[in-house]
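**Student:** quick check, what structure comes out for this input:
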Amino acid sequence: MKKKLLMLTISSILLTACVTDPNTGQSSISKAAIGGLGGAAVGAGAGTLFGGNDLKNAGFGALAGAAVGAGIGYYMDSQEKEMQQSLQGTGVQVQRTAENTINLTMPDSITFATGKSTLTPQAQTALNTVKTILNQYPDSTIMVTGHTDDVGSDSNNQILSQNRATSVANYLAQQGVNPSRLHKQGMGESQPKVPNTSDMNRAQNRRVELAIVANKNAGAQQGAAPQQQQQSYPQQQPQSYPQQQSYPQQQPQSYPQQQSYPQQQPQGYPQQQGYPQQQPQGYPQQQGYPQQQPQGYPQQQGYPQ
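**Tutor:** Okay, here's the model as predicted:
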């Protein structure tokens, strides 16, 4: 039973090992299967360290190791496939190494002008594609390395290669790749791909390489399915209700002031007619009749005595 468990683990890995390259039609052992076999071997060895039944522990260790190794392998297989499909026609070369590393090579001809470290529009277009895939597969680190040919001094080539690596890393960070995943270095002319014996060879040596290395968390979730970016739903704005109609504020009614009638002056009655003052009637003096003298009676006639 215990031997069957170990053999079943190895057989399951081998059944999924053979894959066909969609671009070339060639069959090969997938990196996921290689990772699974490696993980099974490491797990089996680790399992025996727990003591007890070595064969039993080796079986369980193989299962655990195979799951981890196959998960990382599948994770990188998926990422490599997307890189190859998306970067066709851009001039960027995509290669997979046995160390579960995807290597992208950007030749000098599409990346920079001669002796410069400013990215060309063509290079920016290719890097836009790369950053999209890198963000879908976040469980990796990226080492950006600049290289030059042997033309010029060593010191100048070292500075140029460093500046070019920095330009690529900074552009990816500006486009949304987590800066903590990005590392950069310049190698100058110290690591040529081919001997610097011709202009064609020198052109191959002037390059920037991006080494995408899986970390221990790669493929740990959902069978190593790539992380899908969450759909960004438009954020609902709090509903803005129409403001209540602002009725014109009633001003306290201003009644018209009472008519100001002309103030009646106390009626000045016309002064009584000043009739001409009647002078006490001066009656005409009584007619002054001639004062009668006492009548002198004629003395009595004296008679002769």
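**Student:** pLDDT at the nearest residue to Gly188 once chain neighbours are set aside, what is it?
**Tutor:** Leaving aside its sequence neighbours, Gly188 sits nearest to Gln158 (Cβ to Cβ, 6 or more residues apart in numbering; 3.8 Å). Heads up, the C-betas are built off the backbone N, CA and C, glycines and all. Predicted confidence (pLDDT) for Gln158: 98.
**Student:** and the one 3 residues further on, by the same measure?
**Tutor:** Per-residue confidence for Ser161 comes out at a pLDDT of 98.
**Student:** Glu189 - how many residues pack around it?
**Tutor:** Number of residues near Glu189 (other Cβ atoms under 10 Å) recorded here: 22.
**Student:** in which helix or strand would I find it?
**Tutor:** Taking DSSP states H and E as the criterion, no element holds Glu189; it sits outside all helices and strands.
**Student:** return the residues in contact with it.
**Tutor:** His147, Thr148, Asp149, Asp150, Asp154, Asn157, Ser161, Asn196, Asn205 (Cβ atoms under 8 Å, 6 or more residues apart in numbering).
**Student:** sorry, back to before: and the residue nearest to Gly188, how far is that from Ala165?
**Tutor:** 11 Å (Cβ to Cβ, to the nearest Å).
**Student:** more crowded one of the two?
**Tutor:** The neighbour comparison of Gln158 against Ala165 (other Cβ under 10 Å) goes to Ala165, with 24 against 17.
**Student:** doesn't Ile142 make contact with the more buried one?
**Tutor:** No: using Cβ atoms under 8 Å, Ala165 is not in contact with Ile142, being 11.0 Å away.
**Student:** picking that back up, which residues do Gln158 and Ala165 both contact?
**Tutor:** Common neighbours of Gln158 and Ala165 (Cβ under 8 Å, 6+ apart) are Gly186.
**Student:** what about dumping the CA coordinates of the helix or strand in which Ala169 is found to PDB?
**Tutor:** Ala169 belongs to helix 154-174 when assigned by DSSP H and E. What follows is helix 154-174, C-alpha atoms only, in PDB (Å, rounded to 0.1, in the frame of the first residue of the first chain):
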ATOM      1  CA  ASP A 154      34.400  49.900 -19.500                       C
ATOM      2  CA  SER A 155      33.300  52.700 -17.200                       C
ATOM      3  CA  ASN A 156      31.000  54.400 -19.800                       C
ATOM      4  CA  ASN A 157      29.500  51.000 -20.800                       C
ATOM      5  CA  GLN A 158      28.900  50.200 -17.100                       C
ATOM      6  CA  ILE A 159      27.100  53.500 -16.600                       C
ATOM      7  CA  LEU A 160      25.100  53.200 -19.800                       C
ATOM      8  CA  SER A 161      24.000  49.600 -18.900                       C
ATOM      9  CA  GLN A 162      22.900  50.700 -15.400                       C
ATOM     10  CA  ASN A 163      20.900  53.700 -16.800                       C
ATOM     11  CA  ARG A 164      19.100  51.500 -19.400                       C
ATOM     12  CA  ALA A 165      18.100  49.000 -16.700                       C
ATOM     13  CA  THR A 166      16.900  51.800 -14.500                       C
ATOM     14  CA  SER A 167      14.800  53.200 -17.400                       C
ATOM     15  CA  VAL A 168      13.000  49.900 -17.900                       C
ATOM     16  CA  ALA A 169      12.400  49.300 -14.200                       C
ATOM     17  CA  ASN A 170      11.100  52.800 -13.600                       C
ATOM     18  CA  TYR A 171       8.800  52.600 -16.600                       C
ATOM     19  CA  LEU A 172       7.200  49.400 -15.300                       C
ATOM     20  CA  ALA A 173       6.800  50.900 -11.900                       C
ATOM     21  CA  GLN A 174       5.100  54.000 -13.400                       C
END
